[in-house]
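Asker: Predicted model and sequence follow; I will ask about them next.
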Amino acid sequence: MNPSSPILLFDSGVGGLTVYDALREVLPDAPVIYAADLAGLPYGTKTEAQIGARVAGLLGRMAERFRPRLVCIACNTASTIALGMVRDVLEVPVVGTVPAIKPAAALTKTGTIGLVGTEATIRQAYVDDLEARFANGTRLLRVAAPGLVAAAEAKLRGQPVDPALIADVHARLTAMEGGADIDTLVLACTHFPLLSEELSAAFGAQVTQIDGARGIARRIAHLLEGQRFAATGPSRFVVTGPLAGADGLEPALAARGFGPAEAF
Ligand code: DGL
């Protein structure tokens, strides 16, 4: 293994930075390329066929260009739809990000869990399967919150979050049958932990938010155990589409040790 071979983290936008942050806690020195498919953002409103073709095609081309040692799809929407397809095309380990239903089921005391994801994620059979395997005997209430993806993108570019968007998610979840009993909230989109303060303010401190970032970071570290890392420069942040898509992200990227955004 070439010690400068990177870990490739992929998302439609900046959401996967929540996985990047967790990864840096366990692998501070690993070379990382973060790829944001800004030209394809948002994924959550697209069809399964569109997402599958786009993610598998792009990751194939990115793997050829960047020669990663491991690819992480730091996006629940892409993972729940295209993980199998991507594993078929790539020759390196591929780690996905799927809704943290299992830990939520272990944590809930009321037996009622809320799950916020994109429209595409919440309708996936993959999520039905996680629910059947790990949340049997609990009530799992799902809502789509597409507005939060754009809000998280804007927040990381220094713009304010419209409290009405968060209030709407809270209102829709708690209005569902049993919704008042939610004590655990699964953030089933990697963008949403970027709004955890706003979500806490709406849901209250008694509701625990759970996302998969730490678990994924541990999984990546485990798969790469014993490998050597030699980063040849700062982490790289690569975007599809016009480079201007990354305008406003400079402080967030610099704080995380990235060099200037690059076009793919
Ligand atoms: N960050 C992505 C996820 O985890 C989706 C955002 C989008 O809709 O593109 O689902």
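Answerer: Good, I have the coordinates. Numbers count the residues shown, from 1 in each chain.

Asker: just checking, Pro251 touches Gly158?
Answerer: Yes - the criterion here is C-beta atoms under 8 Å, and Pro251 meets it with Gly158 at 7.1 Å. Heads up, the C-betas are built off the backbone N, CA and C, glycines and all.

Asker: Can you identify each of the helices in the stretch 51-200 of the chain by residue range?
Answerer: Here the stretch 51-200 of the chain has its helices, by DSSP state H, counting those that start in this stretch, at 76-89, 101-107, 119-122, 125-134, 146-156, 163-174, 196-203.

Asker: Out of those, flag the one nearest the ligand.
Answerer: helix 76-89 (3.6 Å; C-beta to the nearest ligand atom).

Asker: does any bit of the closest one sit next to the ligand?
Answerer: Yes - Helix 76-89 reaches the ligand (C-beta under 6 Å from any ligand atom) through 76-77.

Asker: Return the residues of the stretch 1-150 of the chain in contact with the ligand.
Answerer: Going by C-beta under 6 Å from any ligand atom, the residues of the stretch 1-150 of the chain near the ligand are 11-13, 15, 41-44, 75-77, 118, 121, 149.

Asker: Let's see if you can find the most crowded of those.
Answerer: Within those, neighbour counts (other C-beta atoms under 10 Å) peak at Asn76, which reaches 34 neighbours.

Asker: Run a quick check on it versus Gly117, I expect a contact.
Answerer: Yes - when contacts are counted by C-beta under 8 Å, Asn76 is listed as touching Gly117 (6.0 Å).

Asker: between those two, what contacts are shared?
Answerer: 99, 188-189 (C-beta atoms under 8 Å, 6 or more residues apart in numbering).

Asker: hey, where'd the strands end up in the stretch 151-264 of the chain?
Answerer: Assigned by DSSP state E, counting those that start in this stretch, the strands in the stretch 151-264 of the chain fall at 184-187, 208-210, 236-239, 262-263.

Asker: Would you format those strands as TSV with distance to Ala35 and mean neighbour count included?
Answerer: Shown next, in TSV, are the strands of the stretch 151-264 of the chain (distance: least, C-beta to C-beta, whole Å; neighbours: other C-beta atoms under 10 Å):
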stretch	distance to Ala35	mean neighbour count
strand 184-187	21	27
strand 208-210	26	21
strand 236-239	5	22
strand 262-263	10	14
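
Asker: and of the ones you listed, who's closest to Arg256?
Answerer: strand 236-239 (8.5 Å; C-beta to C-beta).

Asker: Tally up the residues packed near Asp88, please.
Answerer: By the criterion of other C-beta under 10 Å, Asp88 has 10 neighbours.

Asker: what about the closest residue in space to Arg214 that isn't next to it in sequence, neighbour count?
Answerer: By the measure of C-beta to C-beta, 6 or more residues apart in numbering, the closest residue to Arg214 outside its immediate chain neighbours is Ala22, 4.9 Å from it. If you count neighbours by other C-beta under 10 Å, Ala22 ends up with 21.
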